[in-house]
Each structure stands twice: as structure tokens, then as C-alpha cells.
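In: What follows is a predicted structure for the sequence shown.
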2 protein chains.
Amino acid sequence: MRIGELARATGTKAETIRYYEREGILPAADRTDSNYRDYSDQHLASLTFVRRARELGFSIVQVRELLALSGHEDKPCKDVDKLVQSQLAEVERKIVDLSALRSELSQMLRSCQADRIGECHIVASLAGRP
Amino acid sequence: MRIGELARATGTKAETIRYYEREGILPAADRTDSNYRDYSDQHLASLTFVRRARELGFSIVQVRELLALSGHEDKPCKDVDKLVQSQLAEVERKIVDLSALRSELSQMLRSCQADRIGECHIVASLAGRP
DNA sequence: ACTTGACCTTGTAATTACTACAAGGTGCAT
DNA sequence: ATGCACCTTGTAGTAATTACAAGGTCAAGT
């Protein structure tokens, strides 16, 4: 598929895809006779992963690490263990925070639907209980 | 408390705190006789919230919206309902994605601890949401 | 008293991760 | 064959920090 199709499929700007290629985040695509980039389903999966990970607040550096983990079969387990552990800890922290935020938002929604103005603890939900 | 203490307490650079004040994301702090910023616990809670929300992938614009929700008692419920609903939907999407990533990372960890090299589905974990 | 060093101030410049735009080539349908 | 949507490279602009410069503040140690 060409860059425009890949862009639509992933909600990414074509410029951003070329930027990822320059930065080595996505492998370079094959080229057609007319020098257009020609992407595979592998590229689609990788780019979808990158975009989701970015939306979840991982930096480009962390995304690189995660991508590297995905091709770790040539390296000994011990080398990746620590990295996996710290990424996992970060993911779990994010889930805890998001769950707190979710329950506060849905509490607000219930109050609204009952047309009441409830107490608002939205800041406290992420700031840590007082 | 002074800016350095607040910075340490929240893992934020002092420069970033001043930047948030310029941008109106944090209310301006009181000043001491020698013109140093003097922060309250309210500031600490707000800043903690802002930093967590940023880590979770919310943009500054979204953080502003969330902060605005926290002081909505003067506005009719109907005005905030739609915003709460869409923020909630986004939070839930993030939780789903992070949960998939978590289970893939912990699977990797189990493989590593058994000193086996397991199949790696880390890209698929985020790429495969239908 | 004085100086060291960790703090603070404002202001400006650089960095990261895109995003937009310019100038031009490609390819297919009307 | 020409309009239109697509592609190319390259450069410049934006958002959200982050770093740095030049200087003022203040508690502690000599």
C-alpha cells in the first residue's frame, strides 16, 4: 500500500510516516517504479503500535525500546528482563491512574444525568487522595 | 513552599512550573518579600494532577479541559456532560490498550524467568485492536 | 563580616516530536 | 491532454518543554 493509504489506516499524517522512517522508527518501505513508498502489513502493524504507544504517553525513546523488545529472540533473556520489568511497572502505574480518573469521570456523569451537581474530585483522582 | 521544593515533590523542572504559570495552567503563586514564588498545597495537588495527566498522554489543551471540569459548579450540567463523556471514552480506550500491553509484557517476563524465549506479540498487543 | 553555594528572578535559545508548506514529478480518469 | 489526487525532497513552523545566561537572595560556615 502507498503512504496515503497507510496514513488513513492509522490516523497518521504522511509527513509523520516519512519522519519515522528518517528516524529509524519504521523500517524503510520498498519503492515502486515511480519511487513511491510501498508498505506491507508488517509496516501497518508497526505503525499502529507506534501510534498507540505514543497516545499512551510513551516517548519515542521508549517506543524504540518496546520495538526492540519485539525482536529480542537473538539476545539472551537476562538483557531484556530488566527493561521489560520497568516498562511493565510503568504500564501498571498508568492503569492505576487511569482507573482512578475513570471512576471520577463516571461519577461526574452519574451526577450530571441525575441533574445534580456533585462534589468534584477530578483533581484529587490523579493528585492522590487527601 | 518554594518552587524547588514543589519541583522535587512532583518530579517537575522549576522551569516547567514557571511555564505552566505563564500559560495559565497553574494559578500564580503568592510571592515572598524577596519575590520568590510561594506555593500552597492546592498548587501541589493541581500540579501533580497536570503531570499525571500529561504522562497519561493528555495534551495541554485536554488538561485545561479537565481542570475546567474540576471547577464546574457554576455551569449547568448539560454543558459539561458531553465533554465528560468524551474524556471518559478516551480514558477507557487507554485502559484497554494498556491492559493488552501489560498482559503481553508480563507474558514476556514469565518466559524470561523460565529462561525460555517465548513468542513475542508485543507489537500485536497494541496493533491488533479491532 | 564575608564568602560559598544553593536557591531564586527574568528572558532567550535549543530540543523533541511532529506538522505545514513549497516546488515539482506521477498516474489515472474524463 | 488535462485536471486532480497523489507522490517526492527539503525547509520552516508549532507545541511543550528544557537549558542557559546574567544576575539577585539568603542561610551557613570560616
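Out: Structure received.

In: residue boundaries of the helices in chain A?
Out: Assigned by DSSP state H, chain A shows helices spanning A:3-10, A:14-22, A:41-55, A:60-69, A:77-113, A:122-127.

In: What residues of stretch A:101-110 count as buried?
Out: A:Leu101, A:Arg102, A:Glu104, A:Leu105, A:Gln107, A:Met108, A:Leu109 (16 or more other Cβ atoms under 10 Å in any protein chain shown). Yep, even glycine has a C-beta here, placed from its N, CA and C like the rest.

In: quick one: which of those is nearest B:Glu55?
Out: Using Cβ to Cβ, A:Leu101 comes nearest to B:Glu55 of those, at 11.7 Å.

In: For the closest residue to A:Val50 other than its chain neighbours, give me its contacts.
Out: Sequence neighbours aside, A:Val63 is the residue nearest to A:Val50 in space, at 5.6 Å (criterion: Cβ to Cβ, 6 or more residues apart in numbering or on different chains). Applying Cβ atoms under 8 Å, 6 or more residues apart in numbering or on different chains, one finds that A:Val63 lies in contact with A:Ile25, A:Val50, A:Ala53, A:Arg54.

In: ok, which of those residues also contact DNA strand C?
Out: Among the contacts of A:Val63, the residues lying close to DNA strand C (Cβ under 7 Å from any atom of the strand) are A:Arg54.

In: From the contacts of A:Val63, pick the one nearest DNA strand D.
Out: Distance to DNA strand D across the contacts of A:Val63 (Cβ to the nearest atom of the strand) is lowest for A:Arg54, with 12.8 Å.

In: Could you report the neighbour count for that closest one?
Out: Neighbours of A:Arg54 under the rule other Cβ atoms under 10 Å in any protein chain shown: 16.

In: Could you find the closest non-adjacent residue to it?
Out: A:Arg54 sits nearest to A:Val63 (Cβ to Cβ, 6+ apart), 6.6 Å away.

In: Just the pLDDT for that neighbour.
Out: According to the prediction, A:Val63 has pLDDT 88.

In: on that earlier part again, looking at the helices of chain A, which is buried most?
Out: By mean neighbour count, with neighbours taken as mean count of other Cβ atoms under 10 Å in any protein chain shown, helix A:122-127 ranks first of the helices of chain A at a mean of 22.

In: Return the list of helices and strands in contact with that helix.
Out: Helix A:122-127 sits against helix A:77-113, helix B:41-55, helix B:60-69, with contacts defined as 3 or more Cβ pairs under 8 Å, 6 or more residues apart in numbering or on different chains; DSSP states H and E.

In: and that helix, what's its mean pLDDT?
Out: Taken as a whole, helix A:122-127 has an average pLDDT of 73.

In: what sits up against that helix?
Out: Residues from elsewhere that reach helix A:122-127, judged by Cβ under 8 Å, 6+ apart: A:97, A:100-101, A:103-105, A:108, A:130, B:44-46, B:48-49, B:52-53, B:66-67, B:69-70.

In: how about the residues of chain A that lie near DNA strand C?
Out: A:12-13, A:15-16, A:19, A:32-36, A:54, A:59-61.

In: Farthest pair within these?
Out: Largest separation among the residues of chain A next to DNA strand C by Cβ to Cβ: A:Asp33 and A:Ser59, giving 37.6 Å.

In: mind showing which ranges of chain A have poor pLDDT?
Out: By pLDDT under 70, the weakly predicted segments of chain A are A:71-80, A:112-120, A:128-130.

In: most centrally placed residue in it?
Out: Of all residues in chain A, the one closest to the mean position by Cα atoms, centre = their mean is A:Ala53, 1.2 Å from it.

In: Could you count how many residues lie near the residue lying closest to A:Thr32 once chain neighbours are set aside?
Out: In this structure, A:Thr32 finds its nearest non-sequential neighbour in A:Asp38, 5.3 Å apart by Cβ to Cβ, 6+ apart. When counting by other Cβ under 10 Å, one arrives at 13 neighbours for A:Asp38.

In: Pretty sure A:Asp38 sits against A:Gly4.
Out: No. Using Cβ atoms under 8 Å, A:Asp38 makes no contact with A:Gly4, being 11.9 Å away.

In: Distance-wise, check A:Ser103 relative to B:Arg93.
Out: 16 Å (Cβ to Cβ, to the nearest Å).
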